[in-house]
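Novice: Mind looking at a prediction? Sequence and model below.
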Amino acid sequence: MKVLKFGGTSVGTAENIKKVKEIVEGQKGQIVVVVSAFGGITDRLIRAAHKAAEGNPVYATDIDNIIDDHLQIIDTLFPDIAANTAIRNGVEPIFDELKSINKGVFLIRELSEKSLASISGIGERLSSKIIAAYLGARWFDSRLYIKTFVEYGRVHADLVYTYKHLREIQPQLADLSLFPGFISSNARGENTTLGRGGSDYTASILASAFDAEMLEIWTDVDGFMTADPKVISRAYCIEHLSYAEAMELSHFGAKVIYPPTILPVYQKNIPITIKNTFNPSAPGTLINGRQETAGQRQIKGISSIKSVSLLTIQGIGMVGVSGISMRLFASLAAKNINVILISQASSENSISIVIDSSQTELAKMAIEQEFKRELSERHISNIIIDNEMAVVAIVGENMKHTTGIAGLLFNSVGKNGVNVYAIAQGASELNISFVIKEKDIKKALNVIHEAFFLSDYSRLNLFLVGKGTVGSRLIHKIATQRDKLIKNNSLKIRLVGLAGRNSMIFDKEGLDPNTAIEKLEKEGTPGDVSQFRDKIIEMNMANSVFVDCSASDEVASLYLSLLEANVSVVTANKIASSSSYETYRKLKETARKKGVKFFYETNVGAGLPIIAPINDLVRSGEKILKMEAVLSGTLNYIVNSVSEKKPLSQVIIEAKEKGYSEPDPRIDLSGTDVVRKALILAREAGYPLESSGVEVEPFVPQQYLDLPSLDLFLEKIAELDITFEKRRQKALAENKKLRYAAHMTANGKAKVGLIEVDHKHPFFDLEGSNNIVLIWSEHYFEHPMQIKGYGAGADVTAAGVLADIIKVANV
Ligand SMILES: NC(=O)C1=CN([C@@H]2O[C@H](COP(=O)(O)OP(=O)(O)OC[C@H]3O[C@@H](n4cnc5c(N)ncnc54)[C@H](O)[C@@H]3O)[C@@H](O)[C@H]2O)C=CC1
Ligand SMILES: N[C@@H](CC=O)C(=O)O
């Protein structure tokens, strides 16, 4: 025999009830069906009853509407007049009862527990009669067999009597029998209920009493998911759970099954299958007593509860005093307050508990009353209440005796800036629960899911500033590389925010990179970058990365606050790392402390790997003694491209057009860009160089750089065309070439300026806009390490920024 339970949505409409019929008719052997009330009816009944108790006459209309909805379902399911009349006659007395109890409540303005139990059970009485007639099943009144008693103000099933009654009627069961879920009665024969979700419990009690071979819970999801799919879109259905795992997951918020349901079938070792009425071919989740084998996932699922409060009592007078916990929990139990989580420090200095937020005041009063003396004598100093909290739990039998689970869990939430307020883990190692702020729940669930369920891919949420030469190519690369990154690196990069100088757009699900710039221009909301930063922090998304493709100091000034908010920063903009050494140090230290990344590889040599190899040398204990480099793509392009036919002024414009120069080319021509790069290289090599320690010879005389506007500069710079060409010709006559070079030594000094190199010098053959860096260290002494290649340009830089972004994900 099998017991099949169909919940409210499964029997929410006549169409759905037809699906139920197909499922039932597809079964073999003896079947017992349990049904809930039609979807939403129980809530509507309870609301109407409360209105009646408040003296609100609208209750009567609400009841009429409930009755009409049932009649409509009857009319759709029973088009045949005789059958229709028969079922209408069958339910008419229940409609009358509903009206008269509510009328009584309305007249005396009082809704007793007894009346409420009678009213709220009417939904199941009606649905079960209608569905039994439609399926041709023998109908049984659960109230006659499922008996309850009250303890601590709560209704409990009296399983001894219940099993006895049910076994007595077992011989009367037909091939297809149907019981209403949820409803029961007490020893005096008065109506009671098994509590919300009680239909699952009814089905489990029947399965246990009748020794069923299987209990099937038919609902509107495919089964237990690895996490709440409304929060984690990548959550997927769990194929198998042990009873204990299912109990833990459902207790902690996974509303797939009502937690007490598991006990009756567990005691008989009857398996449960969770199935989807709307997707019956899906395998669902099987719950049984099978032990997990090694090699399977350590974590089966993540669940969470919101709207809870963390209540902490603390005081040094509690240390070593026995009976404190007993009195605390007894005082809460006396007020019917359910404790969701308990955490106590081994010092016994404090006990933290989590309770439903609606019971906070009641709990505080109960504790204050119980510990009146201890509070007045300051043995207990404080009762602290943190509201708007959430509990997150990871569940899995395979966690037992496996090291590193807690480490991975708290590392993943910690580096995303989620603060953990309390932790609880039982010695059974089946569940690790912890308390966080409710606002962090989405972020926490996302990062934990990513850390433990690596089945698909990691995600990065990008917030990009700058859609110019480099930024626009980066967006293009994100669009073109997307599929490859998912396939080869299991990484999904989502552009969730984009900002220009005065406007911004956001999309939590990810902007389409092919149209993001156009969308920003058309639909962007006005605002500056500090507002962009505030919104990033407010969005509080997991794995957030801020990407700076501007040349703005205003943007660079935001990095610290972003890193402090656990947002990683990837930047092509050199301003931050080349400003004061203290700023550079603080940014790196903050990133390290917060467990986020601060990457700026493109600051020197664009897409060339220069910073990473220097870091590797330093980390391996190498002392860097000297560096010589050509670090300006623009200036190298200029010295290589000026000719008799092509004057300096024309080549400067070309360098800008080719995307080599800074937005303002005077930054290159003054030597500032190379100074910035030299500062960064020296600092990466371990020398706290400041810009005052760099001797600079600008590429063009200072008087041109002092001109009031860029336009004027570009107009006047032609005056230098002849002088520059002469200098170039003179060097050429001596078989030499001009190079704008940087020179850094271990004494912490640097020099930047135009030099002449002969054919033996490694700079001599440096073509186009290429860069070169020579590094002398203890081991690279006679022959320096050389890094050489394209040193500027939108595509190589965008590729370098993308490489830094990928590095953030550690894939
Ligand atoms: N072009 C190259 O080869 C390389 C460039 N870089 C760096 O890349 C960065 C970007 O360079 P390009 O794309 O050539 O510059 P760009 O001028 O073409 O683009 C910069 C973008 O940033 C935006 N922007 C500027 N100030 C802003 C602010 N306060 N708020 C929001 N947006 C702002 C501008 O509107 C523009 O869209 C620069 O810092 C540059 O030094 C780094 C390595 C190589
Ligand atoms: N303007 C820079 C671009 C790279 O940083 C250069 O010319 O090298």
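Specialist: That came through fine. Numbers count the residues shown, from 1 in each chain. Ligands and ions are numbered 1, 2, ... in the order given.
Novice: part of a helix, is residue 354?
Specialist: No - counting by DSSP: H, G, I helix; E, B strand; the rest coil, one finds residue 354 to be strand, located in no helix.
Novice: That one - how many residues pack around it?
Specialist: 25 (other CB atoms under 10 Å). From N, CA and C alone the C-beta is placed, and that goes for glycine too.
Novice: Please, which helix or strand holds the closest residue to ligand 1 within the stretch 601-750 of the chain?
Specialist: Proximity of the stretch 601-750 of the chain to ligand 1 (CB to the nearest ligand atom) peaks at residue 663, 3.3 Å away. Under the criterion DSSP states H and E, no helix or strand holds residue 663.
Novice: and what of the one 5 residues further on?
Specialist: Secondary structure here is read from DSSP H and E; on that basis residue 668 sits in helix 666-669.
Novice: And the pLDDT at the nearest residue to the residue of the stretch 601-750 of the chain closest to ligand 1 once chain neighbours are set aside?
Specialist: Nearest residue to residue 663, sequence neighbours excluded (CB to CB, 6 or more residues apart in numbering): residue 551, at 5.0 Å. pLDDT, residue 551: 97.
Novice: go on, residue 152?
Specialist: 68.
Novice: cool, residue 182 as well?
Specialist: So residue 182 comes in at 96 (pLDDT).
Novice: excluding its backbone neighbours, what's nearest it?
Specialist: Using CB to CB, 6+ apart, the closest residue to residue 182 is residue 198 (4.1 Å).
Novice: Give me the neighbour count for the closest residue to ligand 2 within the stretch 1-150 of the chain.
Specialist: The stretch 1-150 of the chain approaches ligand 2 most closely through residue 9 (58.9 Å), counting by CB to the nearest ligand atom. As a burial measure, residue 9 scores 18 neighbours (other CB under 10 Å).
Novice: List the contacts of it.
Specialist: 16, 39, 219, 220, 277 (CB atoms under 8 Å, 6 or more residues apart in numbering).
Novice: mind redoing it with 7 Å?
Specialist: Neighbouring residues of residue 9 by CB atoms under 7 Å, 6 or more residues apart in numbering: 39, 220.
Novice: Residue 387 now?
Specialist: With CB under 7 Å, 6+ apart, residue 387 has these contacts: 309, 357, 360.
Novice: same thing with residue 329?
Specialist: Here residue 329 is in contact with residue 339 (CB under 7 Å, 6+ apart).
Novice: Report the spatially nearest residue to residue 591, omitting neighbours in sequence.
Specialist: That would be residue 598: by CB to CB, 6+ apart, it lies 3.8 Å from residue 591.
Novice: okay, now the residue of the stretch 601-750 of the chain closest to ligand 1: neighbour count?
Specialist: Residue 663: 13 neighbours (other CB under 10 Å).
Novice: The residue in the stretch 251-400 of the chain that ligand 1 sits nearest to: which element?
Specialist: Proximity of the stretch 251-400 of the chain to ligand 1 (CB to the nearest ligand atom) peaks at residue 388, 33.7 Å away. Following DSSP H and E, the helix or strand that holds residue 388 is strand 382-395.
Novice: Which positions in that strand come out as buried?
Specialist: For strand 382-395, a neighbour-count test (16 or more other CB atoms under 10 Å) marks 383, 386, 389, 390, 391, 392, 393, 394, 395 as buried.
Novice: Adding pLDDT as columns, could you present those residues in TSV?
Specialist: TSV is the format used below for the buried residues of strand 382-395 (pLDDT from 0 to 100):
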residue	pLDDT
383	92
386	96
389	97
390	95
391	94
392	94
393	92
394	93
395	92
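Novice: Which one of the residues you listed is nearest to residue 789?
Specialist: Within the buried residues of strand 382-395, the smallest distance to residue 789 is 46.2 Å, found for residue 394 (CB to CB).
Novice: Which positions in this structure make contact with ligand 1?
Specialist: 465-471, 499-501, 529, 549-552, 554-555, 572-574, 602, 606, 633, 659-660, 662-663, 792-794, 797 (CB under 6 Å from any ligand atom).
Novice: Show me which of the residues you listed are buried.
Specialist: Using 16+ other CB under 10 Å, the buried ones in those are 465-467, 469-471, 499-500, 529, 549-552, 555, 572-574, 602, 606, 633, 659-660, 662, 792-794, 797.
Novice: Please look at residue 17 and residue 133 and confirm they touch.
Specialist: No - with contact defined as CB atoms under 7 Å, residue 17 does not reach residue 133; the gap is 11.0 Å.
Novice: which one of the two has more residues nearby?
Specialist: residue 17 (23 against 19).
Novice: Could you show which parts of the chain are in contact with ligand 2?
Specialist: Near ligand 2, when you scan the chain using CB under 6 Å from any ligand atom, you find 606, 632, 633, 634, 660, 661, 662, 668, 673, 791, 792.
Novice: What values do phi and psi take at the residue of the stretch 1-150 of the chain closest to ligand 2?
Specialist: Note on residue 9: backbone dihedrals following degrees, to the nearest 10 are phi -70, psi -30.
Novice: In terms of pLDDT, where does it sit?
Specialist: 91.
Novice: so where do the strands sit in the stretch 251-400 of the chain?
Specialist: 272-276, 285-288, 301-314, 339-344, 350-356, 382-395 (DSSP state E, counting those that start in this stretch).
Novice: One more: the stretch 401-550 of the chain?
Specialist: Going by DSSP E, counting those that start in this stretch, the stretch 401-550 of the chain shows strands at 422-425, 431-437, 458-465, 491-499, 503-506, 525-526, 544-548.
Novice: low-confidence ranges in the protein?
Specialist: 152-153, 253-254, 291-296, 427-428, 454-456, 811 (pLDDT under 70).
Novice: can you count the residues close to the nearest residue to residue 335 once chain neighbours are set aside?
Specialist: Residue nearest to residue 335 in three dimensions, not counting chain neighbours: residue 366, with 4.8 Å by CB to CB, 6+ apart. Neighbour count of residue 366, defined by other CB under 10 Å: 19.
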